[in-house]
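Undergrad: heads up, no residue letters with this:
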């Protein structure tokens, strides 16, 4: 059984290898091969899951060491896997959603000449992500961590001929690297503290280390999580990452990779529990991001960027929950899974809309699409209801639990966090309703297809099957092919029922409890009150959005808006801050250093050379070429020699 | 004449030394200071003869004779030959061209001399053995005994050196003829081909009062023709220029005739006025 | 007496150099194949060395020892420890690729074709083999003087390689100016390294004086000195030891190169052809860091400890400074040169962290950096040879026209930025961990270097490979078969060593531990003894 | 008189010869000055020979003479050939001992 874990990772890795190294011969079957291997991975995951269910709750973890990876002195890193309930949850989510999105991509990327490579990258991502969640030590986790970063880089920049895509990819990788610095320092700290960085000994003995060390490790892990999960202050890359193809946004930047930070924090729960300060930092980051993402999501007109803001905000919820400690871990993961379903569904829906709308991403040019794309409308609508927490759907259960847990934190802190979470729920309802209304309802605001000289946002679907409409024509919205709708339908099913299934009999709680532990907080408000409040803010949010966008026509050109709106459109000025401080400052710094290198460091060297050259130029004049002149020197030298001899004799 | 184990020489030798030392020093100074190489050579020869006398006085009879015969007689004559070859009349300009050379040389010389003198004065050389015993079997025999026993290797090597030097001198001064010398016919053809000096070169000056190879012929305008004298003489600067002399002679002749015919001259003038 | 394997490993390329140089002008192709044959033979010998080397055996193995200059105690003494044997193997491995990559780099100019005596091709290949021979013997020498001789002598062929052969950059009008710049770079390289070498010579003489004074007979033998020092027969005065250490270190720091002695490297690497640049940074410069481990630490452990804080500071400056300047470069090769300076900072940091992980990582880094820089630089060289320009701004969208070239360039770049899964990651992380355990602040600062590495690599990739296809790169051919033969094994090796570095660490580890024991340093102990005792499991 | 006076005279002649080498430009004269220096040395050797009572000094002086003769022969040959080539016997004209 243990050996299957390795195969789980190897299957997509093999796919990546074949697809990327194989020549054009694979162009015709490559995408199906990639999908097949993803499915194989899912099947293996399912087998392992079945096997795991067959065992006792306490005895479900599987451990296997494949080989010693880096043995140097006391430093031992192994390639070993640890599959427990937490990892299993992720494995199923990754392979399941991953397979669906592979399937979706078959249709979505049909006309891209580099489709084979796209599937290679997707497979690479799956392998890295699986490695991340099944690794049994932090260093191997780090490999997966950077691996998904690489896959994300390659996929965001998949349409490399678009400078914006290449820049976005670079930005994503760089911001992630900043986070990675945190993870690597955390690993180093673990090594100095524990002499190892495998999960078992580190987490088992975390309580024996000093609080200071644990806080330091915790903060570094948080930095890593911030980078990967796009949390404030490292959130700026996620919006730009929407330059990638939509399936990528759905899989990597919504359902799986961005939640790796939550996995990391949950996995390292033992460390955070020993470091309350670090936990405080985690909940702070979660709460801030939750609002930050939500506000950004309200202002964006680009459908994908609005969804990206939403993703940020939802992950904020998860991080907040993970920061609460044992009272929140389970709900963080539960929200993560349900979010994986509905957000992937929403993105796929968005992709489907764009597919039918000449790759238009501006919601102000949509409108009234429900009539033209019924399947997309229904699945997107179910996802929408799930995310805003409509009673009975997935999001309702998971989000509700998180808000409860936030209140249960207790004290002023609890009130603040709970309040924030509630406010976030309200804003979520508002911006999601806004997206829904602007896209599917209201009058048509379609605009002609972009002219060829304007780089298209999603070049994948440039050549449509019928090939009827070119530049300057109005789009003809149509339903997407089966390969795209089937994954959407399946994900919609997930987003409707997953939450209920998990909550029924506390299945999910019992499933995860052996790994993460769980305790009930003593909430100052009852669960019912929380649910009521959540419903209330939900209604308020939806109503506000309806009042603003549903009752009167949406202007095609965005109004100037308030100061906050304008700031939110620019990602709350984070990018401007980065640009001024980091980019400009960095440019100045490197240019200054370049000048210093040229003038001071190299200048000193060259200066020495010039000085010596000048001196020898002067000295050279002594060499006038006249033999007699040299003879004088010889004669004088002889005299000096004699004098020296005599002097030595005298002394 | 030579007292063994003494510290003072005889008075005669002292007198001889003081007189001849002045001569030798004078000769040496003259060697350095004379402008013409010939004079330098002669002064040097004088100094060498004085040194020969000193050798004799010091009991080095063989060396004294060799000094006179070989050094003064042969080597100095060689010098004179070369001086003649290069040009006996060419006098050195004593103007120094290298800045500070003369000062530095004087300074170094002075310092060097002082050091040498100081060194000799410091050495305890008050006693001398004399050569009475060494020369007892005859100076030449004594030298021969040493040369052919103790210094035989050096002697042999010196022989090799001399031969090498002789060969070297020949090699250095010998000019290899690379091509066959052109015959007269070929030379004349070449002149015609090049259309230069088809006629023979002008002969050197043959004047009423001068007809020597070192005097250039005069061109019709009175300037000397460089072509008429040997290039060797020209290079040595030994060409005598008589162009000015002829004109001066002419002027002197006119002057004298005018003086002699003073009246006629006046008459001429009167006639002219008339 | 057994077969002198170590001598043979150096003698074969030397003989190859002589024979290649003697090939007549018209037989250029034959000269190339001859040189390649000899390089491969050397690789074979290096492989035999690796096979015969027993990691658990004595420190120095396969030793050879003959009297050389008996009056001064100079011996022809060869021997390899784990580090030496691996670096010999690295050198022998890279040179065939360098030769293949430079296959057409030294063709005679059309204008000079008439001159039948002009043989640049033979010269180029012979010089590379000569460098190989000298580098190999430097890695093998256990006599300080012998090492010094070849450490200096390799400057001569390097000088001619840098000064004599440059990129073909289209415009013949610029040729004169380019040649002048190249010549300046070569002279700078030579003077810099000679200056370092002279300081070292003084220290070598000083070492002899000390040993002659205290042991009765002067010696240059590393093993003898180390033994005498550990047995107490040889005691350096503190000041003397420090002075000698600085003398050695200065030369190695120039070679390595360490900030602020680095300014020769960008010029030399920028002006030389890509294969020669690889030779500089991947092979020749390794002698500097290798010698720090072998000579500085083992001969002068006390002084090494004394100088550590300053050297660590300089290494940190190197890491950040090199990376920042790499970001600012407009010239592809200079960018890679500055990146190398940053990487050498990591290596030196690891060496002087004085932990098993640090030094093990640093030695592994030498190997990995050699391979990764070779991959990146050679692909960059292929790119440059296609367009005839080194300026980043002259490229754009290459990915579209030459996807394989772009892909290999990206992999080389990712290796340079130490992506996990590729070889340099393992070594870089080991260095960081090793440093961190003893100097947490330095380790943390050095970690910033990995962000900057990502910055310069990705900026380079973005500007050259992505974006709209520039007119100037349109129609650019993709990698040819010969070029693929060069790049593919390097990339395979990067992947293999990234996933399974154990074969190399297995050999390096005992040697590193030996060095550590010479310096009397042990690893810091972790705060918490984990319950499962030793190891990660 | 003490024979040391010969040594002083020898020193004086040597110095004069040395200065002559330095200040004269005519190669022949320079050679003569060299000869003068050699002779001064010979005088010293002969004097020492007398002081020590053996003939070794005279032998050396003898060899010096031979070597001087050889030197003069070659030197003058060189002067002649240089003169032929450059039409000058000045040592300053051959100022090629520089870059």
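TA: Yep, it's here. Treat the numbers as computed from the prediction; the structure is a model and nothing was measured.
Undergrad: Residues of the stretch 251-400 of chain C that sit close to chain D?
TA: Residues of the stretch 251-400 of chain C found near chain D (CB under 8 Å from any CB of the partner chain): none. C-beta coordinates here come from the backbone N, C-alpha and C atoms, glycine included.
Undergrad: just how off-centre is the helix or strand harbouring residue A:485 within its chain?
TA: Per DSSP states H and E, residue A:485 falls inside helix A:482-503. Remark: helix A:482-503 is offset 23 Å from the chain centroid, using CA atoms, centre = their mean, to the nearest Å.
Undergrad: How far off centre is the helix or strand following that helix?
TA: Next in sequence after helix A:482-503, counting helices and strands by DSSP H and E, comes helix A:507-516. How far helix A:507-516 lies from its chain's middle: 25 Å, per CA atoms, centre = their mean.
Undergrad: got the buried residues for the helix or strand just after helix A:507-516?
TA: Using DSSP H and E, the next helix or strand after helix A:507-516 towards the C-terminus is helix A:527-545. Of all the residues in helix A:527-545, those buried under the rule 16 or more other CB atoms under 10 Å in any protein chain shown are A:530, A:531, A:533, A:534, A:535, A:537, A:538, A:541, A:542, A:544, A:545.
Undergrad: cool, and stretch B:211-228?
TA: For stretch B:211-228, by 16+ other CB under 10 Å, it's B:214, B:215, B:216, B:217, B:218, B:224, B:225, B:228.
Undergrad: for stretch A:576-584, same thing?
TA: Residues residue A:578 are the ones in stretch A:576-584 that count as buried (16+ other CB under 10 Å).
Undergrad: Please apply the same query to stretch C:88-105.
TA: Quick answer for stretch C:88-105 (16+ other CB under 10 Å): C:88-103, C:105.
Undergrad: Tell me the pLDDT of the residue of the stretch 1-150 of chain B found nearest chain C.
TA: Nearest residue of the stretch 1-150 of chain B to chain C: residue B:150, at 33.2 Å (CB to the nearest CB). Note on residue B:150: pLDDT of 89.
Undergrad: re the thing from before, ok, and of the buried residues of stretch C:88-105, which contact chain B?
TA: Applying CB under 8 Å from any CB to the buried residues of stretch C:88-105, none is adjacent to chain B.
Undergrad: Tell me which entries of the residues you listed lie within helices.
TA: C:88-101 (DSSP state H).
Undergrad: Stretch A:366-373: how far from the chain's middle?
TA: Using CA atoms, centre = their mean, the mean C-alpha position of stretch A:366-373 is found 31 Å from that of the whole chain.
Undergrad: and of the buried residues of stretch B:211-228, the nearest to chain A?
TA: When the buried residues of stretch B:211-228 are compared against chain A (criterion: CB to the nearest CB), the nearest one is residue B:214, at 32.5 Å.
Undergrad: Would you agree the closest one falls within a helix?
TA: No - assigned with DSSP: H, G, I helix; E, B strand; the rest coil, residue B:214 falls outside any helix and is coil.
Undergrad: wait, isn't it in contact with residue B:233?
TA: Yes - Residue B:214 is in contact with residue B:233 according to CB atoms under 8 Å; the separation is 5.4 Å.
Undergrad: Show me the common contact partners of the two, please.
TA: Residues touching both residue B:214 and residue B:233 by CB atoms under 8 Å, 6 or more residues apart in numbering or on different chains: residue B:239.
Undergrad: Which per-residue confidence value corresponds to the residue nearest to residue A:65 when sequence neighbours are not counted?
TA: Ranked by CB to CB, 6 or more residues apart in numbering or on different chains and with sequence neighbours excluded, the top spatial neighbour of residue A:65 is residue A:80, at 3.8 Å. If you check residue A:80, the pLDDT there is 89.
Undergrad: doesn't residue A:80 fall inside a strand?
TA: Yes - the assignment for residue A:80 (three-state DSSP) places it in a strand.
Undergrad: contacting residues for it?
TA: A:63, A:64, A:65, A:66, A:135, A:136, A:137, A:140, A:198, C:536, C:537.
Undergrad: ok so, going back, and the gap between the residue of the stretch 1-150 of chain B closest to chain C and residue C:498?
TA: From residue B:150 across to residue C:498, the span is 82 Å (CB to CB, to the nearest Å).
Undergrad: the more surrounded of those two?
TA: Ranked by neighbour count (other CB atoms under 10 Å in any protein chain shown), residue B:150 and residue C:498 place residue C:498 first, with 23 against 13.
Undergrad: tell me the contacts of residue D:22?
TA: By CB under 8 Å, 6+ apart, the contact list for residue D:22 reads A:628, A:631, A:632, A:635, B:101, B:104, B:105, B:108, B:109.
Undergrad: how does it look with 7 Å?
TA: A:628, A:631, A:632, A:635, B:101, B:105 (CB atoms under 7 Å, 6 or more residues apart in numbering or on different chains).
Undergrad: for residue D:63, same thing?
TA: Counting by CB under 7 Å, 6+ apart, residue D:63 touches B:154, B:158.
Undergrad: Quick check: which element contains it?
TA: helix D:56-86.
Undergrad: Give me the buried positions along that helix.
TA: Residues of helix D:56-86 classed as buried: D:56-66, D:68-83 (neighbour count, 16+ other CB under 10 Å).
Undergrad: could you give the mean pLDDT of that helix?
TA: Averaging pLDDT along helix D:56-86 yields 88.
Undergrad: quick one: is stretch A:163-174 near chain C?
TA: Yes - taking CB under 7 Å from any CB of the partner chain as the criterion, stretch A:163-174 and chain C are in contact, through A:163, A:166, A:167, A:170, A:173, A:174.
Undergrad: can you give me the strands for chain C?
TA: C:61-69, C:74-80 (DSSP state E).
Undergrad: Outside of the last one itself, list whatever touches it.
TA: Surrounding strand C:74-80, the residues in contact under the criterion CB under 7 Å, 6+ apart are C:6-7, C:49, C:53, C:60-68, C:88, C:140-143, C:145-146, C:220-221.
Undergrad: Relative to chain C, how far out is residue A:29?
TA: 19 Å (CB to the nearest CB, to the nearest Å).
Undergrad: Kindly list the main-chain dihedrals of that residue?
TA: phi -110, psi -10 (degrees, to the nearest 10).
Undergrad: Give me the pLDDT for it.
TA: 85.
Undergrad: Ok, the one 4 residues further on next?
TA: For residue A:33, the pLDDT comes out at 89.
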